[in-house]
Every structure is written in C-alpha cells, then in structure tokens.
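>>> Below are the sequence and a predicted model for it; my questions follow.
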Amino acid sequence: MLEDKNQSRTSLSELGEFKLIDHLTKPAVLHHKDSVKGIGDDCAVIGQGEMQNLITTDLLVEGIHFDLSYMPLKHLGYKAVMVNLSDVYAMNGIAKQITVSIAVSNRFPLEALEELYAGIHLACNTYKVDLVGGDTTSSTKGLLISITAIGEVEKEKCVYREGARPNDLLVVTGDLGAAYLGLQVLEREKQVFQVNPNATHELDDYTYLIERQLKPEARKDIVKLLADLEVRPTSMIDISDGLSSEILHLCKHSGTGCQLFEDKIPLDQQVISTCEELNLDSTTIAMSGGEDYELLFTVKQEDYPKIKGNPNFSVIGHMTDDPERVQLVTRGGPKVDIVAQGWNSFS
Ligand code: ADP
Ligand code: MG
C-alpha cells in the first residue's frame with residue numbers, strides 16, 4: 001500500500017491562487033533554451049528566432065467561473081475564447097490558433113453544445129483565429145471548458161510583466177469595473193426570478209454592464225494601435241483579476257513601486273450611477289472587480305505625446321523606485337497601500 005506519509009494538511013484558502021501556483025511550480029526547471037519564458041507571465045514565450053510563439057491556457061468551470069442560469073452558452077463560448085486571446089494581446093502578440101477541450105455531463109443536449117460552439121466560432125471568425133484541435137470527454141456534473149491559445153510576436157516587440165522602470169507612465173485601456181457590476185446585476189435578477197418567476201425585468205440602465213460581463217472583447221485593436229503609434233510598452237498585463245492585483249504583478253515583476261491616482265481611473269457613466277444605486281464605492285469596484293479584459297501597461301515618459309488625448313488610453317499613474325510603495329493617491333489626498341483583493345477561487 002502506498003501511504004501518504006505527509007499527515008499535515010494545509011488549506012488551499014490559506015495560500016490563495018498565486019501562492020499556490022508559486023508553491024507547486026517552484027521545482028520546474030527549463031530544460032530547453034527555446035523556452036524563453038516559462039511560468040509567470042500572461043503567456044509562455046517559446047523560440048529563439050526572430051519570431052516567437054506565445055502559449056496560454058485557461059480553464060473555466062461551471063459554478064465557479066460561470067452560471068448558466070444567466071450566461072447564455074453562445075456567450076460563454078465567445079468569452080472563453082476572449083479570456084485566452086486577451087493574454088496573447090497582453091504580450092503585444094497576435095493570436096493565431098486555439099484548441100478547445102470540454103468536459104460535459106449528459107444533462108446537456110447536443111443543441112446546447114452547438115450553442116457553445118456557435119460562440120467559439122464567432123470569436124474565431126471575428127478575431128481571425130483558427131480552431132485547430134482539442135479534446136472532448138464526459139463529466140459527472142457540470143461543464144468545463146479549457147482553451148489554449150497560440151500566438152506569435154516579434155522578439156523585439158514582446159512585452160513582459162517585467163520591464164517597467166521608475167517614472168514610466170501607467171496606462172490603462174477602456175474603462176474599468178463594468179463587468180463586475182454586470183455580474184452583480186445578473187445575480188440580483190436571478191434572485192428576483194427565483195422568488196417571483198413572473199416579475200418583469202427592467203435592465204435598460206445596465207446594458208453596458210451586462211454586455212461587458214456577457215460579451216467581453218479582447219483588445220486586439222490595442223496591439224495594432226500601439227504598433228501604428230510606434231509605442232512599445234515597457235511592461236504589460238491584461239486585467240482579468242482587477243486593477244489592484246495587476247498593478248501589483250507589474251510592480252513585483254519589474255521591481256518598482258507605483259503611484260496610482262484615484263481621480264484618473266476611467267469609469268463608464270453606468271458604472272458611476274450603478275455604484276450610487278447599489279451603495280458601492282466605484283474605486284473599489286474598479287480596483288477589485290476584475291474580468292475587464294482591458295490592457296494595463298507602462299510607457300516611457302518620452303512616449304507620452306504619442307498617446308496623449310487618445311480616447312483609448314487613460315494615464316492613471318506612474319512607476320516609482322520604491323517597491324515597498326504601491327499606492328493609491330486618493331481624491332482626498334492621503335495615500336493608501338494597494339492590496340490585491342482579486343479572485344480567490346479557494347475561499
Ligand atoms: P493569467 O491570469 O494571466 O491567466 P494566471 O494568474 O492564471 O495568469 O497564471 C500565472 C502564471 O502561472 C502563468 O504563467 C500560468 O501559466 C502559470 N500557472 C497557473 N496555474 C498553473 C499550474 N497549475 N501549473 C503550472 N503553471 C501554472
Ligand atoms: Mg493575464
């Protein structure tokens with residue numbers, strides 16, 4: 001009999017996702033010279049030539065990452081692709097292929113999976129990505145989707161989480177917090193529906209929020225825009241877990257601190273009004289909400305004229321030389337330390 005000699009039991013919720021990944025992957029050594037970047041960025045980077053390959057993978061689990069009572073399967077398929085493409089764009093790369101693996105219980109009829117794949121095909125056609133493989137198996141209950149995206153980037157254009165330097169400007173695309181609020185609105189509707197299935201729903205005030213939750217778009221356009229503007233970010237990451245968490249990643253990998261200005265954080269009008277209605281602090285939502293799939297990057301100060309005034313970009317802060325100080329400069333003036341309150345699927 002094989003006995004587990006290690007009798008101690010550490011709860012995963014004590015560690016959280018990032019510490020768990022660090023802990024489990026510490027023994028990993030790279031045996032091949034062309035494994036340029038292993039664990040620790042939005043994509044792995046492979047290849048020593050002028051062109052490098054990018055690889056990223058994400059697993060979505062029913063009940064953890066999505067709830068089919070308000071997530072139409074077609075949207076789920078589309079979003080599952082976006083989540084992966086976003087990581088390729090976060091390396092300043094172009095996504096070219098995906099593989100899709102599903103585990104599905106017999107609760108799902110064929111028509112349901114057709115819907116899921118309609119979303120996947122739509123994403124592939126819109127973003128010019130080829131579906132080239134995958135795997136299909138059964139699950140005891142629920143649906144799991146794992147997508148791997150493959151991309152490429154010129155070696156000199158590849159942008160990592162590391163590379164930010166003190167005084168670089170911190171820039172974010174689009175606006176933040178809407179996807180999280182969309183989820184709150186949908187959760188609320190679900191609860192109303194459970195109490196009274198005949199209740200009529202008035203969602204006109206939340207259309208943008210719901211769209212950001214159910215049909216996010218990965219920022220392929222930004223990779224092209226940066227190239228057109230001849231701006232190469234010094235570091236970059238996509239916003240999946242929330243602004244706080246992603247800023248901390250950039251700072252940790254780059255060995256810098258950061259000053260983020262609360263009044264510069266871009267918010268849509270629906271985010272502001274819904275926060276007022278639900279009595280939520282819009283800054284907290286933008287910082288910790290997640291699932292925005294916007295890009296967060298740093299640029300050298302000399303590149304400021306190239307991005308200035310562009311409606312796609314908001315300069316929200318700058319990097320500093322003290323890695324101990326990753327701070328939010330609040331509207332009132334006081335600085336507060338930024339702490340990650342992102343996603344912890346084990347808590
Ligand atoms: P992202 O949010 O950009 O998808 P993650 O936070 O999921 O990135 O992952 C951070 C890094 O850890 C990535 O390089 C990812 O490939 C790696 N990683 C995550 N889970 C595992 C695992 N179970 N084994 C090995 N590497 C992992
Ligand atoms: Mg990422």
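Perfect, thanks for sending it. Predicted model only: the values in this text are computed from it and were never measured. Residues are numbered from 1 along each chain as shown. Ligands and ions are numbered 1, 2, ... in the order given.

>>> can we go C-alpha only for contacts and neighbour counts from here?
Will do.

>>> could you measure the residue in the stretch 51-200 of the chain positioned nearest to ligand 1 against ligand 2, distance?
When distances are taken as Cα to the nearest ligand atom, the stretch 51-200 of the chain reaches nearest to ligand 1 at Asp87, 5.8 Å away. Asp87 is 5 Å from ligand 2, where distance means Cα to the ion, to the nearest Å.

>>> as a whole number, average confidence for the host helix or strand of that residue?
Using DSSP states H and E, Asp87 sits in helix 73-89. For helix 73-89, mean pLDDT is 98.

>>> Would you mind listing the residues in contact with Pro216?
Taking Cα atoms under 8 Å, 6 or more residues apart in numbering, we find Pro216 in contact with 79, 82, 292-293.

>>> Try it again at 10 Å.
75, 78-83, 86, 179, 210, 291-294 (Cα atoms under 10 Å, 6 or more residues apart in numbering).

>>> still on that earlier bit, specify the local secondary structure of the nearest residue to the residue of the stretch 51-200 of the chain closest to ligand 1 once chain neighbours are set aside.
Closest residue to Asp87 apart from its sequence neighbours, by Cα to Cα, 6 or more residues apart in numbering: Asp42 at 5.1 Å. With DSSP: H, G, I helix; E, B strand; the rest coil as the basis, Asp42 sits in coil.

>>> what about Ser105, neighbour count?
Ser105: 15 surrounding residues under other Cα atoms under 10 Å.

>>> which parts of the helix or strand of the chain with the lowest mean pLDDT are buried?
Of the helices and strands making up the chain, the lowest-confidence element is helix 12-25, at a mean of 89, by mean pLDDT, DSSP states H and E. By neighbour count on 16 or more other Cα atoms under 10 Å, the buried set for helix 12-25 is 15-17.

>>> near ligand 2 at all, it?
No. Figure legend: helix 12-25 not in contact with ligand 2 (Cα under 5 Å from the ion); closest approach 12.5 Å.

>>> mean confidence score for the following helix or strand past that helix?
Next helix or strand after helix 12-25 toward the C-terminus (DSSP H and E): strand 35-37. Mean pLDDT, strand 35-37: 97.

>>> For strand 35-37, name the packing helices and strands.
strand 44-46, strand 51-61 (3 or more Cα pairs under 10 Å, 6 or more residues apart in numbering; DSSP states H and E).

>>> before we move on, back to that, the helix holding Asp87 - contacts with which helices or strands?
strand 51-61, strand 94-104, helix 110-127, strand 143-154, helix 207-214, helix 220-228, strand 235-238, strand 295-299.

>>> which of those is buried the deepest?
When neighbours are counted by mean count of other Cα atoms under 10 Å, the highest per-stretch mean among the helices and strands packed on helix 73-89 falls to strand 235-238, a mean of 29.

>>> That one pairs with which strands?
Counting by DSSP bridges, the strands paired with strand 235-238 are strand 295-299 (antiparallel).

>>> what about the residue lying closest to Arg212 once chain neighbours are set aside, how many neighbours?
Nearest residue to Arg212, sequence neighbours excluded (Cα to Cα, 6+ apart): Ala179, at 4.7 Å. Neighbour count of Ala179, defined by other Cα under 10 Å: 27.

>>> Kindly report the same for Gln270.
For Gln270, the neighbour count with other Cα under 10 Å is 17.
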